[in-house]
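# Based on what follows, work out the 3D shape:
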Amino acid sequence: MTQKMIDQLQPGMSKAQVKFILGSPLLLDPLHTNQWHYAYSIHLGTELLAKYQLILHFEDEKLSAFEGDFKPSEPTDEEAETSLTTAQASANRTK
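Next up, the predicted model:
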């Protein structure tokens, strides 16, 4: 699991889209079918170097939120500018 993978997650994604990005979840709780649990650990020999977890929440079969050790990256200035330019162009087309 990488930050690049986490940054691809968007609210409203279907379970199939999430599975395409992250793979199958480690744990599917039959009592909480709207939660997917992922765990990732890094070992050097028998030494545990790092351990991460990610819990995804779904509403109406769509990604609604996630929690754990990974957070979405803040957009860079260039990404924010591109997003703003795209939004402005879209707004101008609808006028």
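
# can you map out the strands along the chain?
27-28, 35-44, 47-59, 62-68 (DSSP state E).

# How far off centre is the first one?
What it means is strand 27-28. 16 Å (C-alpha atoms, centre = their mean, to the nearest Å).

# do the same with the last one
Using C-alpha atoms, centre = their mean, the distance from the centre of strand 62-68 to the centre of the chain it belongs to is 7 Å.

# Who's the closest spatial neighbour of Leu26, skipping the chain neighbours?
When the adjacent residues along the chain are set aside, Leu26 lies closest to Ala39, with 5.0 Å between them (C-beta to C-beta, 6 or more residues apart in numbering). To be clear about C-beta, it is placed using only N, CA and C from the backbone, and glycine gets the same treatment.

# got it, and Lys15?
Once flanking residues are discounted, Lys15 sits nearest to Glu61: 6.0 Å by C-beta to C-beta, 6+ apart.

# That neighbour: how many residues sit nearby?
For Glu61, the number of neighbouring residues by other C-beta atoms under 10 Å comes to 11.

# and what of Ile55?
Taking other C-beta under 10 Å as the neighbour definition, Ile55 ends up with a count of 17.

# Would you check that it makes contact with Ser64?
No - with the criterion set as C-beta atoms under 8 Å, Ile55 and Ser64 do not qualify as a contacting pair; they are 11.7 Å apart.

# Just list whatever residues bridge to the residue nearest to Glu67 when sequence neighbours are not counted.
Among residues not flanking Glu67 along the chain, Ile55 sits closest, at 5.2 Å (C-beta to C-beta, 6+ apart). Listed by DSSP bridges, the beta-bridge partners for Ile55 are His37, Glu67.

# Cool, thanks, talk later.
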